[in-house]
Structures are given as C-alpha cells and as structure tokens.
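1. what shape does this take:
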Amino acid sequence: MKHFLLFFGILFTLNLTAQEAYKFTTVTDLETTPVISQGATGTCWSFSSTSFLESEIIRLTGKPIDLSEMYQVRNTYPAKAENYIMRQGRTQFGEGGLAHDVMNSVERNGLVPEEAFSGLFFGETTYNHAEMAAVLEAMLKTYVDNPGRKLSKKWRASIESILDIYIGKNVNSFTFEGKQYTPQTFLAMTKIQPADYVNITSFTQAPFYSKFILDIPDNWSNGSFYNVPLDEMIATIDNALDKGFTVELDCDVSERTFSSKDGVAIIPENADNNVKALQGIYPEKKITQDYRQDEFENYETTDDHLMHITGILRDQNGTKYYKVKNSWGTDETRVANGGYVYFSEAYMRLKAISITVHKGALPKNTAKNLSL
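-> Numbering: from 1, shown residues only. Sure, this is the predicted structure:
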C-alpha cells in the first residue's frame, strides 16, 4: 500500500509539473524595429527580410531606419513574371518568395525608406494584394496561352502598369532626413552589402558543406543554399545571436503546435499533448537529422512562412527558446508576446527550412568548411 501511495504521489507531482505554465527569462535580446503587419498579402518574405536588414543597419551604423517592404515586392514581381513567361508557365507564380529574393532585389534596385515608398495609396492603412495577385496571374496565363500566336513584348509594360496601379510607381530619388538620395546611394549609406549574406540549410539529399538549389515551391528564383549538419545549423543561429547578429528564418508554421495566439512553437514528445503544450510545459521530442529529413520528404514539414530571429530565452526548466519576430501585427486578441513567437529548440531543429545570416556570424569551423 505504501509503495502504491508513493507511486501515485510521484505520478501526481509529475503531472502538475508537466502542466506548469511557461515562465520565460530573456538571455539575449537584440535590437530591432517594431513589429508590423503584412496584412492580407503573401509577402512575409519581404517583411521578415526587411526587418532583418533593419537590424543589420542598426548593427552596422547604430541607426534605426524604417525600410520599405513594398519597394522590394514591387521590384521582385517583374522578375517573377519574366521567369514564369520564359518557362512557359511551368513554374511557381504567386505571392511567395524567399530571403534571397529580397537580397537579389536590394543588389539590383537598392533600398528606400518606408516614407519614400509605402505601397499604400491615400486612405489605405493595410495591405491587401489578393486582387492584384489574381489579376497578374490571369494576365500571365493568357500570355503563356499566346492567343495571338506570337507573343509581343508588350506583356512587360502591362505587368509594370498593374504594379503601378496596385503598389505604386517606382521611386528613383527621394529626400531622407534633409538629404537627397537614389535607392543605390541610400543603400551605400546603410552599409548593407548583399554579397555578405549567406543561406544555410540542413538536408541529406545533398552532401554536407556543398552548395545546392533547394527544391521548395517558393524557390522560384533557384537560389542556392549551403548545406550543413543539423547541429551546425543550430550552432550557427546560437553563434550569430551571441555575437550580435540577428537571423532570417524560413520555416513551417502549419503545425498545430505553432501558435501566434499563445506565442509558442513546440514539438511535444507525446502528440496527445499538442494542444495542452501551448499553455504549459510538456516533454519534447528529440529531433535527429534523419527524423527531420523524413518529415521534410513526406511533406509534414513545408516552407510556408518567413520570420526574424532576434533573441534567446529560457523557461523555468532551463530549456532554450528562440525569440522570433512575426509580421502578423500586435493585436492582443490574435497574437501574444507583442507579436513574437517563442520557438523551442526542438521546433527549430525540425521546422526551420533555412536561415540567412551575415557570413561574419558563422562559427569558425563552419566558415572554414564552407570556404567562406
């Protein structure tokens, strides 16, 4: 009887511990700009990457600057349209993209501040690209069908006109803090060098320490990624944050265990706890390289959202979490933590598709192995 009562007491204590509410302590919290909303658009790739560049400008110059997200969107759509037409419609076209699409646009088109190009018209306060995206896709499909039997070059001007109508005409010069700039001279002022940023991933379909094109739907521009073992990808995030570099993140947020409303993303060991673990601590699954690969190849892990890693926290048990800035606004009825989501290390190991970092943020051994 005593043994039974002792066992019951231990079980009861463990159950209470398992349901203990999260209590987070900040370890690292790097400076960034305020959380904003991407609205009804699929442009998280631009909002998160722009936030990442804003933190880089703070790191490089000490100056907080609100950059235009829509300037990069406006200048990326023509490249996406060109790709779609030249591939005769046999490729992805939509609102999605990846971090390197922003870096490519910055290199080609420079940077501008939000005040010079908001992408909103008079009276508008939020973004909604649903109609624009549908119009663009319908136009492009018509051009691919080629009803005139000879595709003219007018299609490029037509796409530009639609973008002018819905997002705005491109800006060639502007005044910022009393000085005149072009997008390229403004880029030079920020000290951002697009070539200094690298994409890192961790999958076994390519050799480690090689560079390969990651076959995911939103990689319409065929961007290349450096491939490293999973432990090294996580170590790269940790090393970056420890050295004062924030990290751009492409990840899967389709899981029931990701909740912006609860402000956490976790991978419980027992799937029966998936919902309960959003409010309280439960043991998490150990994520191996093989399990990560299996979940990617069976479509359980998909690339559907880009976010911005800005810090590290620990819960009351010492478990590490990453402070991840989202672009879904700060409405307290919809999001927690002021618009941030705290990713457990297990969630990051399983659901991070890739990261983008300054090459100076790489651990020495990783940089050496990648010849960077």
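2. so which other helices or strands are in contact with the helix or strand harbouring residue 368?
-> Assigned by DSSP states H and E, residue 368 falls within helix 364-369. Packing partners of helix 364-369 (3 or more CB pairs under 8 Å, 6 or more residues apart in numbering; DSSP states H and E): helix 230-242. In short, each C-beta sits where N, CA and C put it, glycine included.
3. for the helix it packs on, give me every contacting residue.
-> The list of residues contacting helix 230-242 from outside it, by CB atoms under 8 Å, 6 or more residues apart in numbering, reads 28, 30, 200-202, 228, 246-247, 287-289, 292, 309-312, 322, 345, 348-349, 352, 355, 357-358, 361-363, 365-366.
4. in helices, which of those appear?
-> When the contacts of helix 230-242 are checked against helices using DSSP state H, the ones located there are 289, 292, 345, 348-349, 365-366.
5. show me where the stretch 101-250 of the chain has helices.
-> Counting by DSSP state H, counting those that start in this stretch, residue ranges of the helices within the stretch 101-250 of the chain are 130-145, 154-166, 183-190, 230-242.
6. same for the lengthiest strand in the chain, what does it pack against?
-> When the chain is parsed with DSSP state E, its longest strand is strand 305-314. In this structure, strand 305-314 makes packing contacts with strand 25-29, helix 44-61, helix 230-242, strand 247-251, strand 320-325, strand 340-344, judged by 3+ CB pairs under 8 Å, 6+ apart.
7. list the buried residues for it?
-> By neighbour count with 16 or more other CB atoms under 10 Å, strand 305-314 contains the buried residues 305-313.
8. got it, and stretch 208-224?
-> Using 16+ other CB under 10 Å as the test for burial, stretch 208-224 gives 208, 214, 216, 218-221, 223.
9. show me how far it is from its chain's centre.
-> Relative to the mean C-alpha coordinate of its chain, stretch 208-224 is positioned 15 Å out (CA atoms, centre = their mean, to the nearest Å).
10. next one: stretch 28-43
-> 10 Å.
11. how about stretch 185-205?
-> Distance of stretch 185-205 from the chain centroid (CA atoms, centre = their mean) equals 14 Å.
12. per-residue pLDDT, residue 115?
-> If you check residue 115, the pLDDT there is 97.
13. what is the nearest of the buried residues of strand 305-314 to residue 93?
-> Nearest to residue 93 among the buried residues of strand 305-314, counting by CB to CB, is residue 306 at 18.1 Å.
14. what's the local residue count around the residue nearest to the closest one when sequence neighbours are not counted?
-> Counting by CB to CB, 6 or more residues apart in numbering, residue 306 lies nearest to residue 48, which is 4.2 Å off, once chain neighbours are set aside. Using other CB atoms under 10 Å, residue 48 is surrounded by 27 other residues.
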